[in-house]
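Undergrad: Provided below are the primary sequence and the corresponding predicted coordinates.
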Amino acid sequence: MHTTSDPETRRPDAPGTTWLLRAERIGKHYGHTTALRDASLTLQPGEAVAITGPSGSGKSTLLHALAGIIAVDTGDIVVRRPDGSGVEDLATLADAERSAFRLHRFGFVFQQGLLVPELTAGENVALPLLLAGSSRAQALQRADAELARLDLAGLGERRPGQLSGGQAQRVAIARALVTGPTIVFADEPTGALDSRTAEDVLDALLATVDGDARALVIVTHDERVAARCDRVVHLLDGRIVDAR
Ligand SMILES: Nc1ncnc2c1ncn2[C@@H]1O[C@H](COP(=O)(O)OP(=O)(O)OP(=O)(O)O)[C@@H](O)[C@H]1O
């Protein structure tokens with residue numbers, strides 16, 4: 001094990017470099033609690049990165065900071081524009097701008113899927129597109145295509161209560177992907193599932209980065225999930241203490 005603040009992020013860009021997101025020495029306090037200190041991380045396209053560590057070590061805080069859900073107190077987070085025209089600095093965006101940025105550029109999968117129970121599976125998947133201004137017909141059509149890609153064709157009319165845990169989680173993955181995000185963030189996405197179903201959901205998540213320009217970041221307590229990712233970032237007391 002080695003202590004690192006990921007020196008790779010401080011190297012100047014090599015020609016033709018393709019990283020998607022760089023966080024440099026980010027820190028976050030909640031009152032007297034330091035949830036994150038001096039954490040640096042670079043996300044490359046096509047990679048799945050696991051964030052591991054004991055309870056309270058700062059995993060969710062790191063994920064939420066990278067994803068722009070919370071603002072950091074110190075450090076920088078820059079995200080490359082998909083058209084390669086430069087980078088955007090998350091730390092300098094106002095809350096409303098960060099929300100819009102998240103909606104268009106990132107996808108999210110949480111432990112319980114967080115589907116809206118009153119909406120159908122198709123409507124749940126269509127939601128990010130509707131929020132981004134798509135017409136209902138267009139959004140539902142795209143949602144259907146995304147559901148089919150996740151082997152959920154024919155289930156679009158069901159409500160979340162009529163789906164199994166694994167199906168609901170795949171609906172959540174479809175919703176995360178429907179806007180074509182460059183980074184998918186998942187917080188304990190398999191935590192509430194039995195091991196067989198967890199394996200299927202993990203397969204679906206990992207497939208989102210296969211040969212793609214997308215990166216996946218998964219917070220997990222599960223060693224088996226971490227073992228299937230390309231890299232593991234381990235946190236202790238808010239610090240990255242090991243990055244492989
Ligand atoms: N909104 C908040 N207000 C106050 N303290 C917070 C808040 N969010 C997190 N913390 C604290 O920050 C530290 C890191 O929390 P975080 O949720 O990031 O850890 P975690 O590794 O994801 O934990 P777990 O595995 O239990 O979900 C903890 O001490 C936690 O109590």
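TA: Received it, and whenever you're ready, just let me know what you need.

Undergrad: Any residues of the protein in contact with the ligand? List them.
TA: Contact residues, the chain versus the ligand (CB under 6 Å from any ligand atom): 30, 33, 35, 53, 55-61. All C-beta spots, glycine's among them, are computed from the backbone N, C-alpha and C.

Undergrad: how about these in CSV, adding pLDDT?
TA: Shown next, in CSV, are those (pLDDT from 0 to 100):
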residue, pLDDT
30, 95
33, 94
35, 96
53, 95
55, 94
56, 94
57, 95
58, 96
59, 96
60, 94
61, 96
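
Undergrad: Wasn't residue 241 part of a helix?
TA: No - read with DSSP: H, G, I helix; E, B strand; the rest coil, residue 241 is strand and lies in no helix.

Undergrad: show me what contacts the residue nearest the centre of the chain?
TA: Central residue of the chain (CA atoms, centre = their mean): residue 185, 0.7 Å from the mean position. Contacts were defined as CB atoms under 8 Å, 6 or more residues apart in numbering; by that measure residue 185 touches 63, 66-67, 106-109, 217.

Undergrad: what helix or strand does it sit in?
TA: Assigned by DSSP states H and E, residue 185 belongs to strand 183-187.

Undergrad: what's the answer for residue 224, then?
TA: Secondary structure (DSSP H and E) places residue 224 in helix 223-227.

Undergrad: Run me through the strand neighbours of the very next helix or strand once past that helix, direction for each.
TA: Downstream of helix 223-227, the next assigned helix or strand under DSSP H and E is strand 231-236. Take DSSP bridges as the rule and strand 231-236 pairs in its sheet with strand 48-52 (parallel), strand 239-243 (antiparallel).

Undergrad: Past the strand holding residue 185, which element shows up next along the chain?
TA: Later in the chain than strand 183-187, the nearest helix or strand by DSSP H and E is helix 195-207.

Undergrad: Can you mark which positions in that following helix are buried?
TA: Buried residues in helix 195-207, counted by 16 or more other CB atoms under 10 Å: 197-202, 204-206.

Undergrad: Need phi/psi at the most far-flung residue of the chain relative to its centre.
TA: Distance from the centre of the chain peaks at residue 32, with 27.5 Å (CA atoms, centre = their mean). The phi and psi values for residue 32, taken as degrees, to the nearest 10, are phi -90, psi 0.

Undergrad: Give me the distance between it and residue 121.
TA: To residue 121, residue 32 is 43 Å away according to CB to CB, to the nearest Å.

Undergrad: Also residue 170?
TA: Counting by CB to CB, the gap from residue 170 to residue 121 is 9 Å.

Undergrad: hey, what's in contact with both of these two?
TA: Counting by CB under 8 Å, 6+ apart, the common neighbours of residue 170 and residue 121 are residue 152.

Undergrad: Now do the strands in this structure.
TA: With strands called from DSSP state E, the chain shows them at 21-30, 33-43, 48-52, 74-80, 87-89, 106-109, 183-187, 215-219, 231-236, 239-243.

Undergrad: got any ranges where the chain has weak pLDDT?
TA: Where the chain drops to pLDDT under 70, the residues are 1-17, 113, 244.

Undergrad: returning to that earlier point: of the buried residues of helix 195-207, closest to residue 81?
TA: Closest to residue 81 out of the buried residues of helix 195-207 is residue 205 (24.5 Å), distances taken as CB to CB.
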